[in-house]
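>>> can't give you the sequence, but here's the structure:
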DNA sequence: TAGCCTTTCTAAACCGGTTCAGGTTTGGTC
DNA sequence: GACCAAACCTGAACCGGTTTAGAAAGGCTA
């Protein structure tokens, strides 16, 4: 039963500093506050604050002296005090509303977050993460993040049709950045990776290989990128002059991808190619094809979306569309910071995801 | 170029409330602070605080009245003010030091975090997440989380040999919980899922199937669970009376798992079974076996570790060891909260991970 | 030399809670 | 009725910054 004894200064915030300036015993390193710096520099608290946040009205030499003293004493302004005073938290939020299973098999967020962090950390901002099971909890979470003043801005991922979070956040006055362009009006800047070209390229690639019966295992249509990918699929077929292809809607989960594949392949005239809306489903589809004795890519070509690490190492390696979640995270973080700094920020369009051709696609024999 | 106009009350913290009690226009909903509640309830601020934090010394009826008024006015104490005053942040931290690639293919953290959240959210605590690229940054991150008072406690994952974070955090006086038992002295409670039995069971299972040449694709030996798993592998072989097996050390990445598999299978007398230290590597191994024309499970049996969602849907489905990261997250969060509450907490031993037998293992023909 | 800006700086209010020393009641005991 | 302790409550200090009103000093103009 380990016992934790809080360290020196943290112990009791209200602890009297025993006596007056009691012998400078090496006991409690006295906390360095703005007061101490001010006294030592022979100026008032206020002026130290001004010097720190370099605002006008401080004589140049005075400013230098103050900063010098601050450095000597190793003073770092207290984030908490500053938070109370400025009504800001210097942290950003990310709320992920996903079934843990789906989340677990989708490597998007870890990479995205790594990208976000690479921008936030040097700025001294933190990321507050929430993972919630459903939409209701999600909205409640946003409300309480705001009510508690935990964050100064948020990232909006997994955009949905008529996304309720947008009016909610706009109403709460919380700055936000959307990952992708929402379908309704939005006061927030959007950081977008267009996924249409990647899907269209997949279809074009398959058509060029001679495939005519191409099916699509789509993600959830309530998710904007889900429905946009399947829209792209449909119009790519049309452009190629092919009849409408089969589309099976799923929830993006591995299990659903597997099921959908079984349904498609056990028909009388199964497709010769399947375009999946994400990689995990494509990998599950690959497994199902094996199980059914359908050879990939000989009997069936498949393509995924995201280019997760696995793609290169399954057999055959997966033809897929490569987005760059880390770059996306970086761009989103920069944009959100700019928005908070300036009150406005431009939309950012990142390079469209591109098709990476590997071994899971081959000429049609159908 | 969207422009965000901060909402009403958030606008300017210093904004005078225009005039005195200027016409109760529906303009600015006046902020409800503890002062307002106190005045309305006819008591002092202090007493409201006491009532809220139900501490002794408040007459029962008074307490009820105060809480009643608070509810009527919809008062929620300001987290920021409370933070400054109590020197606590009501948030917990998780710092993940991993190469983004490895992180992305490992579903442990998303599930773990979902578990953590399920405990924290109802308690009104937040999770501050950092993803950092290397150990140096990691230690710096801990220091600054403490210096900024961002968190009141942290989770220590991916324990290493002689982990430097333990003395660091002990020195900083920050409560922590370790995921697994560290190899050195630690003042922190450990929440553990013993992974030895799972690995031993894997080996036993393979031995029972008649395998004699069993190899191990291990994770990084600097990671405690990496070396423990390979230790378990070695002693399981010994117990079975088999000669020492081949072990290839990796960094847990999919790429390394693939490489290791190629090395093992292209030898003169390749193993008839491979025990992988995690699922992603096992799945990559499966792909490599396919590529080399080695049939699984006919020519080669393989086992993984973690039981990620994919296991069930690759072909053949993967025999693996099922830990329960979500449960682990829950337990770790509860333990950390208990530690912070009471100053001490007991170690927790969760049920050991258990073997799940699927199609990737079969009797040896070697 | 008075009058008026500017620049530099200080003092004090403020953010919104928590906590502590001490003041009033209340009730019980002898 | 005096004394005392316990219960309840208030006022003020405190956490550590930011911000504003205005004081002090210096420079310029008329």
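Yes, it's here. As the structure is a computational prediction, the values presented were derived from the model and not from experiment.
>>> And the contacts of the helix or strand hosting residue A:112?
Secondary structure assignment for residue A:112, by DSSP states H and E: helix A:108-120. Judged by CB atoms under 8 Å, 6 or more residues apart in numbering or on different chains, the contacts made with helix A:108-120 from elsewhere in the structure are A:92, A:94, A:96, A:103, A:126-127, A:129, A:155, A:157, A:306, A:325-334, A:337, B:100, B:103-104, B:106, B:109-110, B:129-133. The C-beta positions use only the backbone N, C-alpha and C, and glycine is treated the same way.
>>> repeat that for 6 Å
In this structure, residues lying in contact with helix A:108-120 by CB atoms under 6 Å, 6 or more residues apart in numbering or on different chains are A:127, A:325, A:326, A:328, A:329, A:330, A:333, A:334, B:100, B:103, B:104, B:131.
>>> Does the first one touch residue B:130 like I think?
The reference is to residue A:127. No - the pair residue A:127 and residue B:130 fails to qualify as a contact (CB atoms under 6 Å) at a distance of 7.1 Å.
>>> Break chain A into its domains for me.
When chain A is parsed with automatic domain parsing, its domains come out as A:30-77, A:91-193+A:326-350, A:196-323.
>>> Of all these, which one is nearest residue B:268?
Proximity of those to residue B:268 was assessed by CB to CB; the nearest stretch is domain A:196-323, lying at 23.2 Å.
>>> Please work out which residue of the stretch 251-366 of chain A is closest to DNA strand C.
Distance from DNA strand C to each residue of the stretch 251-366 of chain A (CB to the nearest atom of the strand) is smallest for residue A:340, at 19.6 Å.
>>> quick one: low-confidence ranges for chain A?
Counting by pLDDT under 70, the ranges of chain A that qualify are A:1-29, A:366.
>>> Might you enumerate the residues of it proximal to DNA strand D?
A:13-14, A:31, A:33-35, A:45-46, A:48-50, A:52-53, A:75-78, A:80-82, A:84-86 (CB under 7 Å from any atom of the strand).
>>> okay, now the one residue in the stretch 1-150 of chain A that gets nearest to DNA strand C: neighbour count?
Among the residues of the stretch 1-150 of chain A, residue A:46 lies nearest to DNA strand C; the distance is 3.0 Å by CB to the nearest atom of the strand. For residue A:46, the number of neighbouring residues by other CB atoms under 10 Å in any protein chain shown comes to 11.
>>> Secondary structure element holding it?
Residue A:46 is part of helix A:45-52 when elements are defined by DSSP H and E.
>>> can you pull the buried residues of that helix?
By 16 or more other CB atoms under 10 Å in any protein chain shown, the buried positions in helix A:45-52 come out as A:47, A:48, A:49, A:50, A:51, A:52.
>>> Need phi/psi at residue A:268.
phi -60, psi -50 (degrees, to the nearest 10).
>>> Distance of the closest residue to residue A:130 other than its chain neighbours relative to residue A:330?
If the residues on either side of it in the chain are set aside, residue A:130 comes closest to residue A:95, at 4.5 Å by CB to CB, 6 or more residues apart in numbering or on different chains. Residue A:95 sits 20 Å away from residue A:330, going by CB to CB, to the nearest Å.
>>> The two: which is more packed in?
residue A:95 (23 against 20).
>>> quick one, the helix or strand hosting that one and helix A:108-120 angle?
Using DSSP H and E, residue A:95 falls within strand A:91-97. Using axes from the mean of the first three to the mean of the last three CA atoms, to 10 degrees, the direction of strand A:91-97 lies 170 degrees away from that of helix A:108-120.
>>> what sits up against the helix or strand following strand A:91-97?
As assigned by DSSP H and E, the chain's next helix or strand after strand A:91-97 is helix A:100-105. With CB under 6 Å, 6+ apart as the test, helix A:100-105 has contacts from A:252, A:253, A:254, A:280, B:107, B:110, B:111, B:114, B:309.
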